[in-house]
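# predicted model, plus sequence, below.
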Amino acid sequence: MDTFLVILNVVVILALLGILYWMQKKHISFTKRVFAGLGLGVVYGVILQLVYTSGSDVVTKSVDWFNLVGSGYVRLLQMVVIPLIMVSIISAIMNLKGKQNLGKMSVSIIAILLITTAIAAGVSIVTSLGFNLTSIEIQGGDRENAQIQKVEERLVDVKDQTIPQQVLEFIPSNPFADMTGERRTSTLAVVIFSAFIGVAVLGLDRKKPQQAETFRGMVNAVYAVVMRIVTLVLRLTPYGILALITKVTATTNAEEILKLIKFVIASYVALIVMFIIHLIIISLSGFNPVTYLKKVLPTLVFAFTSRSSAAAIPLNVETQTKKLGVSDGIANLSASFGATIGQNGCAGIYPAMLAVMIAPTVGIDPLSWDFIVTLILVVMISSFGVAGVGGGATFASLIVLSTMNLPVALVGLLISVEPLIDMGRTALNVNGSMTSGLVTSRILKENDRDTFNDQSRELDSAAQAYYRMD
């Protein structure tokens, strides 16, 4: 009987995927297809919740099949992340002209990411105090206790490192190993390695222009191929979102969430407030926040459902360049840096909230300025090198709490609501990186206003052109 029900569930999701394919053939816009996938996934996930319990064998086995589409799509994006980062940054730097300056671009992007992370920490502190959150209210069961043990095991790898040692990890000793994502700082290490190659090409222009031009032609050719791969993968976004959100909705345990509903609500209040602050920053930079919001929503939806800032890099870059009018160099740097530095949600909101909740249990007044200023500074510094995948917030929290000499057990107690909150954190992370790219393009006067103001521009225009050729 269970096998029949699993097959039935798989047939249903195939039918929903068929609806999205029909919409694609009818040239319905990318944004509408993304939201259609989101809506269909939520409805189907709720139905599965009502028909079965979230932990039933039928749901588990059905989700295993759903993962072929959802997790498969995320893996395809992860497949192109490193090649995209490398060729994009090398291409952007080696093609820098006149007024463009790599140093100014990098400093501006990193400064905006760190400043917004500090603001996010401040927002989190105020929200935690406003909701009167304390770790005493949270009790754990066997599952949570097991997670605490895992958290403490991970802490061993972190707490013995000084800040200079952590910074040293950003420098690639073996860039080829970092291309495999071997370390938590691998993405940032690849960015640094690629930047060195780009700068080397600029230096080669003066001494051996012929070799530089040959290499430039090779990189431009590879860049074109990689971008074509990115276009092909991004066309699958509505299908991936459908499968991902169906899995999340079907497997979420409502009872466990209700036990921690106060923490969940406080977390999303802080995330929403910080998102509004992003829009205010964008508005003060001279851009229409409503126009911005309409153009980035599909990217934020993917970040929300996938819980991976790194996997969102291709979509992030494409959105900035094709919809927001950000130059290639700034878009690639901000998307890459934003996946590992100054994540407003994972490295800003979450660690600060946990620190405020834990402080009273060890005799620290969370209202004292010494504690608040120290916490914000630690959050800013610790935001370097946070992994841009699910679990990055846990790692950031371990670093912050251990640096502040606070117990880390609370990180494990929140396992039941971690996926739900992580979706919002990841969306905020990605929005923060796009905000840094857009504002930097304004500061350096490298923004195409016509592209930003063009309401008809679609992210998958290349894909639609492909269909018209068929």
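It's in.

# just the buried residues of stretch 285-301, please?
Neighbour-count burial for stretch 285-301, counted by 16 or more other CB atoms under 10 Å, picks out Ser285, Phe287, Pro289, Thr291, Tyr292, Lys295, Val296, Pro298, Thr299, Leu300, Val301. Quick note: C-beta positions are derived from backbone N, CA and C, even for glycine.

# same question for stretch 4-24.
Buried residues in stretch 4-24, counted by 16+ other CB under 10 Å: Leu5, Val6, Asn9, Val10, Ile13, Leu16, Leu17, Leu20, Met23, Gln24.

# can you check stretch 35-45 too?
Neighbour counts over stretch 35-45 (16+ other CB under 10 Å) mark Phe35, Ala36, Gly37, Leu38, Leu40, Gly41, Tyr44, Gly45 as buried.

# skipping adjacent residues, who's closest to Lys262 in space?
In this structure, Lys262 finds its nearest non-sequential neighbour in Phe131, 6.3 Å apart by CB to CB, 6 or more residues apart in numbering.

# hmm, back to that, which of the buried residues of stretch 4-24 lies closest to Ile399?
Closest approach between those and Ile399, by CB to CB: Ile13, at 39.0 Å.

# for that closest one, which residues are in contact?
Ile13 sits next to Tyr44, Trp65, Phe66, Val69, Leu242, Ala243, Thr246 when contact means CB atoms under 8 Å, 6 or more residues apart in numbering.

# and the residues you listed, which of them are buried?
By 16+ other CB under 10 Å, the contacts of Ile13 give Tyr44, Phe66, Val69, Leu242, Ala243, Thr246 as buried.

# tell me, what residue is most central in the chain?
Geometric centre of the chain, nearest residue: Ser309, 2.0 Å, by CA atoms, centre = their mean.

# do I have it right that that one meets Asn431?
No - look at Ser309 against Asn431 with CB atoms under 8 Å: they stay out of range, at 10.3 Å.

# and the helices in the stretch 151-300 of the chain?
For the stretch 151-300 of the chain, helices defined by DSSP state H, counting those that start in this stretch occupy the ranges 163-168, 175-178, 186-207, 209-234, 237-251, 254-259, 261-284, 289-306.

# tabulate these (TSV), appending mean pLDDT and distance to Ile110.
Below are these laid out as TSV (pLDDT from 0 to 100; distance: least, CB to CB, whole Å):
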stretch	mean pLDDT	distance to Ile110
helix 163-168	70	13
helix 175-178	86	19
helix 186-207	85	11
helix 209-234	88	24
helix 237-251	89	28
helix 254-259	72	36
helix 261-284	94	16
helix 289-306	91	20
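
# for this protein, which helix is longest?
Assignment by DSSP state H gives helix 57-94 as the longest helix of the chain.

# which SSE is immediately downstream of that helix?
helix 102-130 (DSSP states H and E).

# which other helices and strands contact that next one?
Counting by 3 or more CB pairs under 8 Å, 6 or more residues apart in numbering; DSSP states H and E, the packing neighbours recorded for helix 102-130 are helix 186-207, helix 261-284, helix 328-338, helix 350-358, helix 369-382, helix 418-443.

# would you list the ones you listed in CSV and tack on mean neighbour count?
Shown next, in CSV, are these (neighbours: other CB atoms under 10 Å):
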stretch, mean neighbour count
helix 186-207, 18
helix 261-284, 18
helix 328-338, 28
helix 350-358, 27
helix 369-382, 18
helix 418-443, 26
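
# picking that back up, would you pull up how far the longest helix of the chain lies from the middle of the chain?
13 Å (CA atoms, centre = their mean, to the nearest Å).

# now swap in stretch 302-310 and tell me
Distance, centroid of stretch 302-310 to centroid of chain: 5 Å (CA atoms, centre = their mean).

# with stretch 32-40 instead?
Distance of stretch 32-40 from the chain centroid (CA atoms, centre = their mean) equals 20 Å.

# got the CA coordinates for that stretch in PDB?
Coordinates of each C-alpha in stretch 32-40 appear next as PDB, following Å, rounded to 0.1, in the frame of the first residue of the first chain:
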ATOM      1  CA  LYS A  32       5.200  34.200 -12.900                       C
ATOM      2  CA  ARG A  33       6.500  30.700 -13.400                       C
ATOM      3  CA  VAL A  34       8.700  31.000 -10.300                       C
ATOM      4  CA  PHE A  35       5.700  32.100  -8.200                       C
ATOM      5  CA  ALA A  36       3.500  29.400  -9.800                       C
ATOM      6  CA  GLY A  37       6.100  26.800  -8.700                       C
ATOM      7  CA  LEU A  38       6.200  28.300  -5.200                       C
ATOM      8  CA  GLY A  39       2.400  28.300  -4.900                       C
ATOM      9  CA  LEU A  40       1.900  24.800  -6.300                       C
END
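
# hmm, who's touching that stretch?
Residues from elsewhere that reach stretch 32-40, judged by CB under 8 Å, 6+ apart: 16, 19-20, 23-24, 28, 237-242, 245, 297-298, 301-302, 305.

# which one of the buried residues of stretch 4-24 is nearest to Ile257?
Nearest to Ile257 among the buried residues of stretch 4-24, with distances taken as CB to CB, is Asn9, at 22.9 Å.

# alright, I will stop here.
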